[in-house]
Structures are given as structure tokens and as C-alpha cells.
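> Just the structure for this:
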Amino acid sequence: MIKKFMYYTAFILLIIAFSSVSAFGNETDQPKQTIQVVTPERNITTDSTNLVFELTAAEGTKVIIQVYYNNSIVIGKENFVAEGDAINIEMGALRRDWIEVALRKGKNKVEITAIYEDESEDVVVRIIDVKGIEEVKQNFERKISEPATELLENLINTGRK
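Here you go, the predicted model:
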């Protein structure tokens, strides 16, 4: 009699356990939509006036890419002006896209705006400094000649504001 009671109790507990697992697995919470700029992953300095951006976002997300360049003649002051028309794309089933963006010499600001299907928005900004190859080489050599602690501090703080 006690054996039957134990078997039925174990059987009922198994049914309860499996029903709670299946109920947990059926939750339909949607993850928060985000856009990710894969490359470049932070603000960079380059010698190329064309740069390819790799983006990932949910299917159906509309992405607007606007390039601004610094036209300030005062050193240390920034005055960004829009460069041409914005680039409009819609993310497809692959949920990944590559866009080539034309830049000017000097400091450029690339603003990437994602508009999701629920009309919410995210904005990602990258500052791209386009310099001549000699200027980049001089900056690199100057960084190499700095003491190691300053170099490590600059590497850690790269891309942060």
C-alpha cells in the first residue's frame, strides 16, 4: 500500500514538474531591439576617405546614416555640417548589412539612426578622423615614444568621452 502511494506521489510530482517546464518554455517575451555597429566598433583615425560600416539589427529596421564633417577653422572647436543626403536602408532577413560611407579629410561624425517596427529609435555616433598617411605615421611614432604608462592609459581611454 505504501509502495503504491509513493509511486502515485512520484508520478504526480513528475507531471507537475514537466508542466511547469513547458509553461516556462512558452513565454513570448521579445528581447529589446538594438542596433549594433560591428565595424568600426569605436571612434577611429584612418587614412582612407571611404569606410565600410557593418551593422546588425532586427529584420525590418530602417537605418538612416548621415555623415557630418567639421568645417570649423578654429583649432579645438567643432562645427559639424551635414555632408550630402542621408543613406537610407532597411535591414533584411540576414539582419546584417554593410554600407560604404564617403568621408572628408579631417574630423567626421557618422550618425546611425535605427527606427524599429514599433517606431522606437536608437542613435549610434562614431567620430572618424581622416588624416594623411604621413600624419598617421607621425602620431603612431609619437605614441610609441611615450612612456609605457601614458600609452596604456591612452589605449584604455580610446573611444571614451
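> Then V38 would be within a helix, right?
No - assessed with DSSP: H, G, I helix; E, B strand; the rest coil, V38 is strand; it does not lie in a helix.
> from what I can see it touches V52, true?
No - counting by C-beta atoms under 8 Å, V38 stays clear of V52, with 10.4 Å between them. Where you see a C-beta, it was placed from the backbone N, CA and C, and this is true even at glycine.
> can you count the residues close to the closest residue to V136 other than its chain neighbours?
Counting by C-beta to C-beta, 6 or more residues apart in numbering, the nearest residue to V136 once its immediate chain neighbours are dropped is D47, at 5.3 Å. A total of 13 residues lie near D47 under the criterion other C-beta atoms under 10 Å.
> from now on call the first residue 523
Okay, using 523 as the starting number, the last item reads as D569.
> Roughly how far does D569 sit from R664?
D569 sits 16 Å away from R664, going by C-beta to C-beta, to the nearest Å.
> again, but for Y591
Counting by C-beta to C-beta, the gap from Y591 to R664 is 25 Å.
> ok, now Y530?
Taking C-beta to C-beta, one finds Y530 at 80 Å from R664.
> How is this structure partitioned into domains?
Here the domain assignment for the chain is 558-652, 653-683, based on automatic domain parsing.
> most neighbours per residue, which of those domains?
With neighbours defined as mean count of other C-beta atoms under 10 Å, those peak in mean count at domain 558-652, which reaches a mean of 15.
> can you give me the offset of that one from its chain's centre?
In terms of C-alpha atoms, centre = their mean, to the nearest Å, the centre of domain 558-652 is found 10 Å from the chain centre.
> mean confidence for that domain?
Confidence over domain 558-652 (mean pLDDT, whole number) is 92.
> what's the neighbour count on A532?
The tally of other residues near A532 (other C-beta under 10 Å) stands at 10.
> name the element it belongs to?
helix 524-547 (DSSP states H and E).
> now the end-to-end length of stretch 618-634.
In stretch 618-634, first residue to last residue: 14 Å (C-alpha to C-alpha, to the nearest Å).
> quick one: K525 from I538, how far?
21 Å.
> Of those two, give the one with the bigger neighbour count.
Just comparing K525 and I538: by other C-beta under 10 Å the higher neighbour count belongs to I538, 10 against 7.
> Quick one: the strands in the chain, in order.
When secondary structure is read from DSSP state E, the chain shows strands at 558-561, 566-568, 572-578, 584-592, 602-604, 609-612, 618-624, 628-637, 643-652.
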